[in-house]
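Participant: below are the sequence and a predicted model; questions follow.
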Amino acid sequence: METMLFYFFAFVAVATALLVITRRNPIHSALWLVLCFFSLAAVYVLLSAHFIAIIQIMVYVGAIMVLVLFVIMLLNLSEKELGDAKPTVLKFCGVILSGIFMVLLADGVKVLAPQAAVSVDEKFGTAEMLGRLLFTDYLLPFEIASLLLLTAMIGAVVLAKKRR
Amino acid sequence: MQFAIQWLVDKFSFLSPISILLLISLMFIVGTVVLLLAMLYEGLGTYALRKIGGDIQVRIGPNRVGPVGLLQFLADGVKLFLKEDIVPTVVDKKLFILAPFITFAASCAAFVALSYSDRLVISNLNIGLFYLLAISSLVVIGVIMAGWASNSKWSLLGGMRAAAQIVSYEIPIGLSLLSVILITQSLNMGEIIRSQSGGWGILNWHIFHNPFVFISFFIYFTAALAEVNQTPFDLPETESELVAGYFTEYSGMRFGFFFMAEWGEIFIVSAIAVTLFLGGWQLPIINNLDIHIYLKNLLQLGVFLGKTFLLIYLMLWIRWTLPRLRVDQIMYMCWKVLLPFAFFNIIGTGLWLLIFKGKGIPELVIQLFS
Amino acid sequence: MLNEYLPILILFIINIAFAVGIIIFSHFLGPRKSSAEKLSPYESGVPPVGDTRIRFSVKFYLIAMLFIVFDIEVVFMYPWAVIFKKLGLFGFVEMFVFIGILLIGYVYVWKKGALKWE
């Protein structure tokens, strides 16, 4: 059952990701991306990373996709501005490059010795567990994250308020 | 749900195909029942809205269909059902059709994670509250889609306004709920409610725990009003300036789904407030009753729904009383009033818990006199 | 644990199936008398003027950007709140620093007038 569900969601994730890059209309791409994030969240749930799964939906679908949609509407490219389809040479190069990347990636994954499935305890992947790690062992990255967010905030204001 | 599963596990060996089949069909039945009940509530909600509106404005309200107009919602439903299905020519067809489904599915999916009584929990998620927040943030996607796909100026303006407003008010909501989480140390809806039981009746409810949580409740309620686009924050769908906002171009059942989604959200935000601040399904009298467990659960369900409907009534009361705010006032309210207060409340609650070692006001008062 | 997520998936399926079913049903039940006027976008009764897909003000972008930043902050605070009593004073100081740094940004954004909706 779990394996079946995994294959189903993995397939949906890959298929929607492909749709994201092949659609001409940017809004359609963005909405396929939403579905892609959803299936990723489902895969997280299957890995019993519940908190991460919910964050995936809350931050990526609920926040970042809203920004992406806003930006697409902000630019509001018409069919003419989108330009003609890319020339075949470029597409061909893209396919070859991504093929090379896939081979490299597969090579990298191969290095990881196959491990037997580890069963995790009930608490794994919950907010408590995540918090305990984040606020003891990984305290410094957490505080640095606040600096990162501060930078993002200032950056947004500087960009948007430039010509005043 | 887990009890049903447990029963099945005991009855059959878990992995037998019969048990899995039974389990899945059981879930389908439960899901359908949840959906039907949700729709019944949504129908009655519209009736209550109009009746209360009538009362407040000294009108009669719906009174033709059925006794005191009670069947009005059925008539409305049938009317929507039999309307012509209009998809304007200039719309982005795929997105236009998809948008109401997304909004409807997102608002219905939230019903699963609530804790309706001690045992009546459909999906006992350990991150229940977080799930609710995440799933309700999905509505925005449907709203933007509807606004953009309609290719009408009213829709687009309404959709953009709605999106900006809903996302802005999600932050005060997230922050104000945090002060309760600091006390309960759990995100599970059932556990949050159980942590509000104790010897002092309603004084055990988190809203009376300390002054900061008390303020948090009002921050939450205000932000929740904006989150579900209720007056005085109904800017996205102001019928007197934007026609109907992001669903201007929708008619018939497609409009009906947006409408039902709105009522679903109203229920969810009220139920979250009841669960976190107002003791959920607990009422001191019922807690101490010595009756059969099923009866008790039924009573608890009644208490939970009663409290939720009271909050919904409050929302409707506000809706029929207050005038609408301006866009800039709404943004001011969110970013410059609610947000700083919410931050202040979190730090305040944290300090309170450290200083008084996790005790609330009722406990401290009792200690003082003993 | 997975048992708890199955109802959600199933409810999603039922919802979508139900909604699609109703739409199809009502599509065939309702009258079908369409005309060019009926199928044009509503613009208070007059023929639509100009293009709908106007460019939007940058303030929407700004709101969305600030929302992401604060949303991530809220997400960080939930795991903290859940184990707050175990962390004690140490945890409080940690979060105080975190919020403090972000409050600097908040004050900056406020002073720059980015929170003002013109």
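Facilitator: The structure has been received and is ready for your questions.
Participant: surely B:Phe130 meets A:Gln56?
Facilitator: No - judged on CB atoms under 8 Å, B:Phe130 makes no contact with A:Gln56 at a distance of 11.6 Å. Heads up, the C-betas are built off the backbone N, CA and C, glycines and all.
Participant: more crowded one of the two?
Facilitator: Higher neighbour count among B:Phe130 and A:Gln56: B:Phe130, with 27 against 21, using other CB atoms under 10 Å in any protein chain shown.
Participant: residue boundaries of the strands in chain C?
Facilitator: Counting by DSSP state E, chain C forms no strands at all.
Participant: whichever residue of chain A sits closest to chain C in helix, strand or coil?
Facilitator: Taking CB to the nearest CB, chain C has its nearest neighbour within chain A at A:Gly131, 3.2 Å off. When classified by DSSP: H, G, I helix; E, B strand; the rest coil, A:Gly131 comes out as helix.
Participant: same deal with B:Asn124?
Facilitator: Three-state assignment for B:Asn124 (three-state DSSP): coil.
Participant: sec struct for B:Leu37, please.
Facilitator: Classification of B:Leu37 using three-state DSSP returns helix.
Participant: and the closest residue to B:Glu170 other than its chain neighbours, backbone torsions?
Facilitator: Closest residue to B:Glu170 apart from its sequence neighbours, by CB to CB, 6 or more residues apart in numbering or on different chains: B:Ser137 at 6.0 Å. With angles defined as degrees, to the nearest 10, B:Ser137 sits at phi -80, psi -10.
Participant: do whichever strand or helix holds A:Leu35 and chain C meet?
Facilitator: Element membership for A:Leu35 (DSSP states H and E) is helix A:26-46. Yes - applying CB under 8 Å from any CB of the partner chain, one finds helix A:26-46 touching chain C at A:Ala42, A:Val45, A:Leu46.
Participant: other residues contacting that helix?
Facilitator: A:2, A:5-6, A:9-10, A:12-13, A:16-17, A:19-21, A:23, A:50, A:52-54, A:56-57, A:60-61, A:65, A:68-69, A:72, A:77, B:92, B:94-95, B:98, B:141, B:145, B:148, C:2, C:5, C:9 (CB atoms under 8 Å, 6 or more residues apart in numbering or on different chains).
Participant: now the helices for chain A?
Facilitator: A:2-22, A:26-46, A:50-55, A:65-75, A:79-82, A:88-111, A:127-134, A:139-160 (DSSP state H).
Participant: ignore the last one, the stretch 251-370 of chain B
Facilitator: B:252-277, B:284-288, B:293-321, B:327-332, B:339-355, B:361-369 (DSSP state H, counting those that start in this stretch).
Participant: and of the ones you listed, who's closest to B:Tyr169?
Facilitator: Nearest to B:Tyr169, of all the helices of the stretch 251-370 of chain B, is helix B:327-332, at 8.5 Å by CB to CB.
Participant: which other helices and strands contact that closest one?
Facilitator: helix B:153-184 (3 or more CB pairs under 8 Å, 6 or more residues apart in numbering or on different chains; DSSP states H and E).
Participant: so after the helix it packs on, what's the next helix or strand?
Facilitator: helix B:189-194.
Participant: anything in that following helix near chain C?
Facilitator: No - Helix B:189-194 stays clear of chain C (CB under 8 Å from any CB), getting no nearer than 10.9 Å.
Participant: other SSEs contacting that helix?
Facilitator: Using 3+ CB pairs under 8 Å, 6+ apart: helix B:189-194 touches helix B:128-136, helix B:153-184, helix B:252-277.
Participant: adding mean pLDDT, write those helices out as JSON lines.
Facilitator: JSON lines is the format used below for those (pLDDT from 0 to 100):
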{"stretch": "helix B:128-136", "mean pLDDT": "86"}
{"stretch": "helix B:153-184", "mean pLDDT": "86"}
{"stretch": "helix B:252-277", "mean pLDDT": "86"}
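Participant: what count of nearby residues applies to residue 35?
Facilitator: Just going to use chain A. Neighbours around A:Leu35, by other CB under 10 Å: 17.
Participant: please go with chain B instead
Facilitator: The number of residues near B:Leu35, taken as other CB under 10 Å, comes to 17.
Participant: tell me how far it lies from B:Ile207.
Facilitator: Noted for B:Leu35: a distance of 31 Å to B:Ile207, by CB to CB, to the nearest Å.
Participant: just B:Thr275 next, same as before
Facilitator: In this view, B:Thr275 and B:Ile207 are 12 Å apart by CB to CB.
Participant: these two: which has the busier surroundings?
Facilitator: Taking neighbours as other CB under 10 Å, B:Thr275 and B:Ile207 compare with B:Thr275 leading, 28 against 20.
Participant: who's in contact with the more buried one?
Facilitator: Counting by CB under 8 Å, 6+ apart, B:Thr275 touches B:Leu114, B:Ser115, B:Met189, B:Ile192, B:Ile193.
Participant: go with 6 Å
Facilitator: With contact set as CB atoms under 6 Å, 6 or more residues apart in numbering or on different chains, B:Thr275 has these partners: B:Met189, B:Ile192, B:Ile193.
Participant: okay if I get the residues you listed as CSV plus neighbour count?
Facilitator: Below are these laid out as CSV (neighbours: other CB atoms under 10 Å in any protein chain shown):
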residue, neighbour count
B:Met189, 27
B:Ile192, 26
B:Ile193, 25
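Participant: pipe those residues into CSV and attach distance to C:Ile68 per row.
Facilitator: Output for the contacts of B:Thr275, formatted as CSV (distance: CB to CB, whole Å):
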residue, distance to C:Ile68
B:Met189, 27
B:Ile192, 27
B:Ile193, 32
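Participant: what residues go with each domain of chain A?
Facilitator: As recorded under automatic domain parsing, the domains making up chain A are A:1-78, A:126-164.
Participant: is it true that the residue nearest to B:Glu170 touches A:Tyr60?
Facilitator: No - contact between B:Ser137 and A:Tyr60 fails when scored by CB atoms under 6 Å: they sit 10.4 Å apart.
Participant: between these two, which one's more packed in?
Facilitator: A count of neighbours by other CB under 10 Å puts B:Ser137 above the other of B:Ser137 and A:Tyr60, at 25 against 18.
Participant: for chain A, which spans come out with low pLDDT?
Facilitator: Within chain A, the stretches with pLDDT under 70 are A:74, A:76-86, A:113-120, A:122, A:162-164.
Participant: which residue lies nearest the spatial centre of it?
Facilitator: What sits nearest the mean C-alpha location of chain A, by CA atoms, centre = their mean, is A:Phe37, with 6.4 Å.
Participant: tell me who's in contact with B:Ala342.
Facilitator: B:Pro172, B:Leu175, B:Ser176, B:Ile219.
Participant: how close does the closest residue to B:Ile171 other than its chain neighbours sit to A:Ile52?
Facilitator: Spatial nearest neighbour of B:Ile171, excluding adjacent residues (CB to CB, 6+ apart): C:Phe70 at 4.6 Å. Plainly put, C:Phe70 is 20 Å away from A:Ile52 if you go by CB to CB.
Participant: of these two, which one has the most company?
Facilitator: For C:Phe70 versus A:Ile52, the count of surrounding residues by other CB under 10 Å is larger for C:Phe70: 25 against 15.
Participant: does that one touch B:Ile173 like I think?
Facilitator: No - if you go by CB under 6 Å, C:Phe70 and B:Ile173 don't touch, sitting 11.4 Å apart.
Participant: joint contacts of the two?
Facilitator: By CB under 6 Å, 6+ apart, no residue touches both C:Phe70 and B:Ile173.
Participant: chain neighbours aside, what residue packs nearest to B:Met331?
Facilitator: Of all residues not flanking B:Met331 in the chain, C:Trp117 sits nearest, at 4.0 Å (CB to CB, 6+ apart).
Participant: could you measure from C:Ile8 over to chain A?
Facilitator: C:Ile8 sits at a distance of 9 Å from chain A (criterion: CB to the nearest CB, to the nearest Å).
Participant: and that residue, what is it in contact with?
Facilitator: By CB under 6 Å, 6+ apart, the residues touching C:Ile8 are B:Val112, B:Ser123.
Participant: could you report the distance from the nearest residue to C:Ile83 once chain neighbours are set aside to B:Ile192?
Facilitator: Spatial nearest neighbour of C:Ile83, chain neighbours left out: A:Gly131 (4.3 Å); criterion: CB to CB, 6+ apart. Applying CB to CB, the value for A:Gly131 to B:Ile192 is 17 Å.
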